[in-house]
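can you look at this prediction? I've put the sequence above it.
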Amino acid sequence: MHLSTLSFTDLRQFEKGTFEFSPGFNLLVGENGAGKSTIIRGVIAAVGDTRSVSEDQKIGDEDIRLGSDHAIVEAVVRFSDSSIDYFRFEKPLWGRIKRSPRGSTRPLVLSYASNEAVCRSMRVKQIKRLREDKHDHLRQEQEFLYYGSGRKFPDNHPGLNGKRFGNSQQVLEFVGKMLSNFSPDFEDFHWRFEPYACTLIPQRVAEKGIPVDTKLKKQIEAASLRFFQEGHLRSKNRFPDWPDQSEVVLGLESESSIDKEMDMLLRAGWEVMDLPSEALRLFRNSLLKVKLTPRIMIMRPIGPLSLGQLSDGEQRLFSLFVDIARNLSLQNEPDGNIGSGKAIILIDEIDVHLHPKWQRQIVPLLEDLFPNCQFIATTHSPFVIQSVRSDSNLVLLDGQPLAQLGNTGIEEISQVVMEVSRPDVSERYAKEVELSKSFLQLLDEAEKAPKEKLEEYIDRLRKKLEHAQNPAMQAFLELQQASRLEG
């Protein structure tokens, strides 16, 4: 399965535009403003799930070309059984978006923006930190996440709700060895789930039309969250691990509760919460929605580090590989065969935050690890361009193709593909050399010019030297002028 063709009408810099893509890796190359990010956003609009991307990746009225009343994106996707599906996106000016109906053939599209060190889906939700008490000094991040494993929540229980995040052990077994090619510090990681918010949902009280005390409701929610945050400190051997869900619904006296053990733990919580009796009555007639977030930890020789404690380059690399594997494992449940997963993966500025050594490795390792996925990535790095197999993997928005990129030096790629005229020296040095050449050429002309033209040439030479940045070079040119025109 792969995106075959993408066409634009009146979208940003494209009045009309059609781009063809190959299975495997496709690298978009061009100057800033050439349209690389527009192509990424076009794929998301036509084929992807726009609910899972940030607002700045969506197409709006401001993206419609001036003078037009709508923008259109059309995509052709080819599947492994030789079938073809067509997708269309249209944004009328000031009107509602029109998209092809959501069907069973819509491919999985994963998008990673250039301004994200950690991809959106792997960011930890901000956990409400409650006021300190005598237990707070015990609750450190490493202890909270690396205590002995507790009893697991039962699978497929009616109290489990929301989208799954994925199994860290399964992902670790698949990508851990590959990530160690970048750094041995990536070999061991896992994530656990912890609550970050609680919401009380009154049941019988609402049915009878009895108003709920808002202050009391918030007090119950805060006390419940604190109880869960301290749960492992109070009952390390009995408190269950939170499940792989975005939320869990509990009830003290409800069939929607996880099980009797959790009921007992909740009851025990009331003994330490020190809340009024009317709060207990309200809680017994309510459900409690507990929202969960994954907390990712990477084991290092110095101890466990959270994902947010890594460098931007490490965060980018780790979250990219792990998030792709995580999504493919969810796609192929129940067996979770990550290697056979299929997706269209969009990476804007794949080289961002990465050391050149990692820039040379990332493309071949992604191809090897996810052979059934199609990648469409943008780059400004000659190291990334050098790592693709051939020019058929490049979608050039400017510059000229090269047939054997793997055997081509960085300087030639910079000159031919990226149109950098002198990659062997700095821009400042190149300008100084060009200034010196043009000054000496003008000095040659001045020597041969008639005397009545000499003052005009001296004035032109003086103006050229005004742009000189190197004092030594300026002094040398002034001496040349003095010896040849005034000597």
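Done, it's in.

okay, CA-based contacts and neighbour counts for the rest of this
Will do.

okay, stretch 283-291 in CSV with CA atoms only?
Taking C-alpha atoms only, stretch 283-291 is exported to CSV below (Å, rounded to 0.1, in the frame of the first residue of the first chain):
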residue,chain,number,x,y,z
PHE,A,283,-19.6,9.2,45.8
ARG,A,284,-21.6,6.0,46.4
ASN,A,285,-24.2,7.2,43.9
SER,A,286,-21.7,8.2,41.3
LEU,A,287,-19.1,6.9,38.8
LEU,A,288,-15.5,8.1,38.9
LYS,A,289,-13.8,8.6,35.5
VAL,A,290,-10.0,8.4,35.9
LYS,A,291,-8.0,9.7,33.0
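
how far away from the center of its chain is it?
34 Å (C-alpha atoms, centre = their mean, to the nearest Å).

and if you look at stretch 383-402?
Averaging C-alpha positions (C-alpha atoms, centre = their mean) puts stretch 383-402 23 Å from its chain's average.

next one: stretch 465-481
Using C-alpha atoms, centre = their mean, the offset of stretch 465-481 from its chain centre is 49 Å.

longest helix of the chain, counting residues only.
Identified as the longest helix of the chain according to DSSP state H is helix 427-448.

list the buried residues of that helix.
432, 435-436, 439, 442-443, 446 (16 or more other C-alpha atoms under 10 Å).

what two of those are the furthest from one another?
Within the buried residues of helix 427-448, 432 and 446 form the most distant pair, 20.8 Å apart (C-alpha to C-alpha).

okay, and the helix or strand of the chain with the least pLDDT?
Sorted by mean pLDDT, DSSP states H and E, the helices and strands of the chain end with helix 141-145, the least confident at a mean of 35.

so which residues of the stretch 101-250 of the chain form helices?
Taking DSSP state H, counting those that start in this stretch, the helices of the stretch 101-250 of the chain run over residues 141-145, 168-179, 204-207, 214-229, 231-234.

just the CA trace of stretch 376-387, in PDB.
Extracted in PDB, the C-alpha atoms of stretch 376-387 (Å, rounded to 0.1, in the frame of the first residue of the first chain):
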ATOM      1  CA  ILE A 376       7.500  10.800   2.900                       C
ATOM      2  CA  ALA A 377      10.000  13.100   4.600                       C
ATOM      3  CA  THR A 378      11.500  16.500   4.000                       C
ATOM      4  CA  THR A 379      15.100  17.500   4.600                       C
ATOM      5  CA  HIS A 380      17.800  20.100   4.200                       C
ATOM      6  CA  SER A 381      20.600  17.800   5.100                       C
ATOM      7  CA  PRO A 382      23.000  16.400   2.400                       C
ATOM      8  CA  PHE A 383      23.800  13.600   4.800                       C
ATOM      9  CA  VAL A 384      20.200  12.400   4.700                       C
ATOM     10  CA  ILE A 385      20.100  12.800   0.900                       C
ATOM     11  CA  GLN A 386      23.300  10.800   0.600                       C
ATOM     12  CA  SER A 387      21.700   7.900   2.500                       C
END
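
hang on, the earlier thing: other SSEs contacting the longest helix of the chain?
Packing partners of helix 427-448 (3 or more C-alpha pairs under 8 Å, 6 or more residues apart in numbering; DSSP states H and E): helix 454-465, helix 471-481.

which residues touch it?
422, 453-454, 457-458, 461, 464-465, 468-470, 473, 477, 481, 484-485 (C-alpha atoms under 8 Å, 6 or more residues apart in numbering).

got the angle between that helix and helix 471-481?
If you take axes from the mean of the first three to the mean of the last three C-alpha atoms, to 10 degrees, helix 427-448 sits at 10 degrees to helix 471-481.

could you tell me the angle between helix 427-448 and helix 454-465?
Helix 427-448 and helix 454-465 meet at an angle of 170 degrees, taking the same axes, to 10 degrees as the criterion.

gap between helix 427-448 and the chain center?
Distance of helix 427-448 from its chain centroid, counting by C-alpha atoms, centre = their mean, is 47 Å.
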